[in-house]
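Visitor: Here is my input, please return the structure:
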Amino acid sequence: MRFDVLTLFPEMFQVLRQSIIGRAIDKKIIDLQVINIRDFSQDKHKKVDDTVYGGGAGMLLKPDIVYKAYQSVESEKAKVIFLSPQGKTLNQEKVVEFAKEEHLILLCGHYEGIDQRVLDKIVDEEISVGDYVLTGGELPAMLLIDSIARYVEGVLANESKLEESFSNGLLEYPQYTRPEVFEGEKVPEILLSGHHKKIQEWRRKEALKRTFEKRPDLLEKIELSETDKQFLEDLISERKGGKNGYFKID
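Guide: As a prediction, this is how the structure comes out:
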């Protein structure tokens with residue numbers, strides 16, 4: 001899969017050349033190209049922004065410079081994403097959708113933003129990483145690349161992706177490793193039993209429990225088996241039947 005990033009701060013993306021994503025780049029499973037928007041300025045000082053028409057604080061990136069940066073990328077099949085607090089909020093469903101693309105161009109805003117005319121001309125979708133404002137689109141672009149790259153064939157083992165939080169609509173169950181006893185706390189006995197069916201059942205229940213406790217809103221969005229519903233009913237009953245205000249069992 002190919003990512004082209006249009007940014008004023010290309011050096012920030014060196015962090016993606018570490019760990020799992022870095023290995024995927026080295027193996028050419030992921031193709032990451034970072035384009036410096038400033039390189040396309042004709043100004044002798046490489047100025048890329050200007051004041052806002054109509055007045056107001058801050059400076060806007062100029063449309064002609066951004067457009068030239070975009071045109072430098074071979075983009076026939078590319079989907080262009082603008083990282084913006086006004087965009088749709090990124091979630092796992094959207095990550096999986098983007099992972100099906102062959103080529104993504106990520107446009108990182110900075111300063112007060114980007115002239116609307118070039119956004120209207122080249123952007124296919126705006127994406128936000130949360131309801132807060134950052135100094136630029138670079139960190140959101142890195143989050144997007146990292147989350148999508150993990151779904152590209154060959155980057156991770158398929159088993160790892162299937163059992164992660166949000167992959168099946170639930171938060172992930174708790175996990176343990178050696179030593180078997182840490183500060184007086186033992187690993188749950190079921191995980192030492194070697195009984196794979198019972199281990200899977202335990203993990204499902206723990207995932208349901210953790211989701212109920214931390215993100216009950218997610219339970220309204222997934223299909224629950226009768227066994228799942230009974231477990232949650234018992235869990236609520238154990239807690240004196242209290243409703244958390246977010247979730248009720250049909």
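Visitor: now the helices: where do they sit in this structure?
Guide: 19-26, 63-71, 92-99, 116-122, 138-149, 158-162, 196-214, 226-238 (DSSP state H).
Visitor: Compare these and say which comes out lowest on pLDDT.
Guide: The weakest mean pLDDT among the helices of the chain belongs to helix 158-162, with a mean of 58.
Visitor: Show me the domain layout of this protein.
Guide: The chain breaks down into these domains under automatic domain parsing: 2-158, 165-250.
Visitor: Kindly compare burial across those and name the winner.
Guide: Mean neighbours per residue, mean count of other Cβ atoms under 10 Å, is largest over these for domain 2-158, with a mean of 16. Any C-beta I mention is one placed from the backbone N, CA and C, and that applies to glycine too.
Visitor: Check the offset of that one from the chain's centre.
Guide: Here the centre of domain 2-158 is set off from its chain's centre by 13 Å, with Cα atoms, centre = their mean, to the nearest Å.
Visitor: Given the lengthiest strand in the chain, what are its sheet partners and their directions?
Guide: Of all the elements of type strand in the chain, the one with the most residues (DSSP state E) is strand 79-89. Paired with strand 79-89 in the same sheet, following DSSP bridges, are strand 103-108 (parallel), strand 125-128 (parallel).
Visitor: what comes into contact with that strand?
Guide: Strand 79-89 has contacts (Cβ atoms under 8 Å, 6 or more residues apart in numbering) with 70, 94, 98, 101, 103-109, 113-114, 119, 122-134, 137, 140-141, 144.
Visitor: picking up where we left off before, residue 78: which of the strands paired with strand 79-89 is closest?
Guide: strand 103-108 (4.2 Å; Cβ to Cβ).
Visitor: The closest residue to residue 132 other than its chain neighbours and residue 133, how far apart?
Guide: Closest residue to residue 132 apart from its sequence neighbours, by Cβ to Cβ, 6 or more residues apart in numbering: residue 85 at 7.2 Å. Per Cβ to Cβ, to the nearest Å, residue 85 is found 5 Å from residue 133.
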